[in-house]
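Enquirer: Structure for this input, please:
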Amino acid sequence: MNEKKLNFNSKVIHGGQNPDKAYGAVMPPIYQTSTYAQNTPGDHLGYAYSRSGNPTRSALENSLASIENGNYGMAFGSGMAAIDAILKLLSPGDEVVSTSDLYGGSYRLFKKVFENYGIVFQFIEMEDVDNIEKYISNKTKLLWVETPTNPMMSIIDIKGVVAISKKHNILLAVDNTFASPYLQQPLDLGADIVMHSATKYLSGHSDVVLGALIVNDKELADKLYFIQNASGAICGPMDSFLALRGIKTLHVRMQRHCENGEKIANYLNAHSKIEKVYWPGFVAHPNHQIAKEQMSGFGGMISFVPKGSSYKDAIKIVESLKLFTLAESLGGVESLVGHPASMTHASIPKEEREKVGVVDSLIRLSVGIEDIDDLISDLEQALN
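Expert: Numbers count the residues shown, from 1 in each chain. Predicted coordinates:
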């Protein structure tokens with residue numbers, strides 16, 4: 001069967017995968033080896049050293065490419081390592097235009113590391129794509145987009161940004177972590193690079209740290225493969241195996257994440273003690289119609305602000321939750337709660353955070369796949 005014609009629910013299980021040639025193992029074995037025997041120098045069976053390539057990692061990379069409808073996949077030691085590889089495509093003096101509402105770790109890498117090497121970053125509001133072009137110059141080499149954004153769930157029109165990137169011959173990279181390929185496939189919309197913190201929904205079980213890049217263009221892929229090998233920020237075979245195992249249930253997990261997310265978003269939105277709920281599924285959410293067009297669902301990520309709350313109030317609420325675990329990260333089968341101002345976005349200066357709505361009282365939920373009644377009961381007791 002032509003793999004590219006497979007539907008998504010089949011691709012997550014079969015995409016890029018073949019039984020192991022040695023013994024027919026259905027799941028790729030964990031090739032826990034650093035090096036490989038050669039008959040003569042350079043004469044080997046496709047692998048020479050596991051930084052450059054490992055069969056278990058190759059199986060994962062083939063799967064990543066398949067589920068994002070891409071031609072080439074690359075797996076890294078973390079999502080930040082994947083972003084680092086993209087930025088190494090640039091040279092001193094190059095400029096990057098990024099959404100202003102983005103993960104704090106991305107902001108930190110941009111500002112605290114790559115600015116030191118002469119890369120210039122501009123952080124702008126991208127919900128209105130007409131706002132982007134005035135920030136582009138002949139030095140702009142990369143547009144960096146998160147959608148939905150972390151943690152404000154802002155929706156950016158990928159097709160609209162693609163039109164701008166093509167017009168000016170600029171690379172467009174999309175962080176697709178919050179949506180996952182189940183809900184959104186940026187390469188199909190014209191993006192050049194898709195990035196994932198595969199730690200999150202792709203792996204899905206809070207037991208691995210891993211990053212991913214997927215592209216269609218061979219020249220771009222070759223550059224990124226070179227950086228991956230030269231810099232060495234690769235993932236190990238055990239992590240590759242765990243991530244591949246997680247991908248095989250991505251579709252069924254995301255269905256429940258979306259179902260639970262919708263019910264909790266509506267519960268919070270109707271609650272007398274909640275001032276604001278950020279979730280793309282609401283008709284009143286900015287760019288809701290664009291979300292409907294470029295996503296197949298609205299996901300399990302929700303942020304909210306309790307009425308009249310302060311920093312201390314928000315901390316008290318997150319500490320009072322019992323089924324929602326107070327922890328970094330997102331996208332696991334278990335529900336998590338975070339306080340962006342002191343956790344995921346603490347590296348962004350307060351005045352910059354608050355410009356995009358990340359106030360001290362903002363709370364972020366990663367809604368898991370538990371029983372919805374238990375999750376709502378937990379929220380109710382914490383809010384009371």
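
Enquirer: which other residues reach whichever strand or helix holds Phe226?
Expert: Remark: Phe226 resides in helix 218-231, with elements defined by DSSP states H and E. With C-beta atoms under 8 Å, 6 or more residues apart in numbering as the test, helix 218-231 has contacts from 51-52, 71-72, 74, 76, 84-86, 88-89, 171, 192-193, 213, 215, 234. C-beta here means a position set from N, CA and C on the backbone, and glycine is covered the same way.

Enquirer: Buried subset of the residues you listed as a PyMOL selection?
Expert: What follows is the PyMOL syntax selecting those of these that are buried according to 16 or more other C-beta atoms under 10 Å:
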select buried, resi 72+74+76+84+85+86+88+89+171+192+193+213+215+234
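
Enquirer: Okay, and which of the contacts of helix 218-231 map to strands?
Expert: Tyr72, Met74, Phe76, Leu171, Ile193, Leu213, Val215 (DSSP state E).

Enquirer: you'd agree the first one is up against Ala65?
Expert: Yes - with the criterion set as C-beta atoms under 8 Å, Tyr72 and Ala65 qualify as a contacting pair; they are 5.8 Å apart.

Enquirer: so what sits against both of these two?
Expert: Joint contacts of Tyr72 and Ala65 (C-beta under 8 Å, 6+ apart) are Ile214.

Enquirer: CSV for the ones in strands among the contacts of helix 218-231, including pLDDT?
Expert: CSV is the format used below for the ones in strands among the contacts of helix 218-231 (pLDDT from 0 to 100):
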residue, pLDDT
Tyr72, 98
Met74, 98
Phe76, 98
Leu171, 98
Ile193, 99
Leu213, 99
Val215, 98
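
Enquirer: Switch those over to TSV; also include distance to Ala221.
Expert: Converted to TSV, these look like this (distance: C-beta to C-beta, whole Å):
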residue	distance to Ala221
Tyr72	4
Met74	8
Phe76	14
Leu171	13
Ile193	10
Leu213	9
Val215	5
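
Enquirer: Out of the residues you listed, flag the one nearest to Ala291.
Expert: Ile193 (21.2 Å; C-beta to C-beta).

Enquirer: before we move on, which element is the closest residue to Gly211 other than its chain neighbours in?
Expert: In space, and not counting its chain neighbours, Gly211 is closest to Ala82: 3.3 Å by C-beta to C-beta, 6 or more residues apart in numbering. In the assignment (DSSP H and E), Ala82 maps to helix 79-87.

Enquirer: so how far is whatever helix or strand comes next after that helix off the chain centroid?
Expert: Note on helix 79-87: by DSSP H and E, the next helix or strand toward the C-terminus is strand 95-99. Relative to the chain's own centre, strand 95-99 is displaced by 17 Å; criterion: C-alpha atoms, centre = their mean, to the nearest Å.
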